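Participant: below: sequence and its predicted model.
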Amino acid sequence: KSSSRSSLDIAKHIPHQAYWAEQQNRLPLPLMELMENEVLEILTDALWSYRLGIGRDHFLTKELRQYIEGLKKRRSKRLYV
């Protein structure tokens, strides 16, 4: 029993393999912010092109505008909470 107990104690102190896999897939926050800023800049340029090319009221223009607003809201929640 003592050998199985010590194995359990050791297992409690070793982080789970899935945890490490998840940590390796995460990007550092400054890199995420840089990527988000770049994406927002690109999408904002695309939005202006959509407005000029297909019109402000076209469903694709509206959909892109809503997507940009959603990104901005998620970013501000993460940065200011």
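Facilitator: The structure has been received and is ready for your questions. Numbering: from 1, shown residues only.
Participant: all contacts plus neighbour counts: C-alpha atoms, from now on.
Facilitator: Fine.
Participant: where in the chain is pLDDT low?
Facilitator: 1-17, 19-25, 27, 80-81 (pLDDT under 70).
Participant: what about the helices in it?
Facilitator: 2-13, 17-25, 29-53, 59-80 (DSSP state H).
Participant: okay, buried residues for the third one please.
Facilitator: The neighbour-count check on helix 29-53 (16 or more other CA atoms under 10 Å) flags 40, 43, 47, 50 as buried.
Participant: run through the neighbouring helices and strands of it.
Facilitator: helix 59-80 (3 or more CA pairs under 8 Å, 6 or more residues apart in numbering; DSSP states H and E).
Participant: could I get the CA-only coordinates of the helix it packs on as PDB?
Facilitator: What follows is helix 59-80, C-alpha atoms only, in PDB (Å, rounded to 0.1, in the frame of the first residue of the first chain):
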ATOM      1  CA  PHE A  59     -25.300  42.100 -45.800                       C
ATOM      2  CA  LEU A  60     -21.600  41.300 -46.100                       C
ATOM      3  CA  THR A  61     -20.700  44.900 -45.100                       C
ATOM      4  CA  LYS A  62     -23.000  44.600 -42.100                       C
ATOM      5  CA  GLU A  63     -21.700  41.200 -41.200                       C
ATOM      6  CA  LEU A  64     -18.100  42.400 -41.300                       C
ATOM      7  CA  ARG A  65     -18.900  45.500 -39.200                       C
ATOM      8  CA  GLN A  66     -20.600  43.300 -36.600                       C
ATOM      9  CA  TYR A  67     -17.600  41.000 -36.500                       C
ATOM     10  CA  ILE A  68     -15.200  43.900 -36.000                       C
ATOM     11  CA  GLU A  69     -17.400  45.200 -33.200                       C
ATOM     12  CA  GLY A  70     -17.400  41.800 -31.500                       C
ATOM     13  CA  LEU A  71     -13.600  41.600 -31.700                       C
ATOM     14  CA  LYS A  72     -13.200  45.000 -30.200                       C
ATOM     15  CA  LYS A  73     -15.600  44.100 -27.300                       C
ATOM     16  CA  ARG A  74     -13.800  40.900 -26.600                       C
ATOM     17  CA  ARG A  75     -10.400  42.700 -26.600                       C
ATOM     18  CA  SER A  76     -11.600  45.500 -24.300                       C
ATOM     19  CA  LYS A  77     -13.100  43.000 -21.900                       C
ATOM     20  CA  ARG A  78      -9.800  41.100 -21.700                       C
ATOM     21  CA  LEU A  79      -7.600  44.200 -21.400                       C
ATOM     22  CA  TYR A  80      -9.700  46.200 -19.000                       C
END
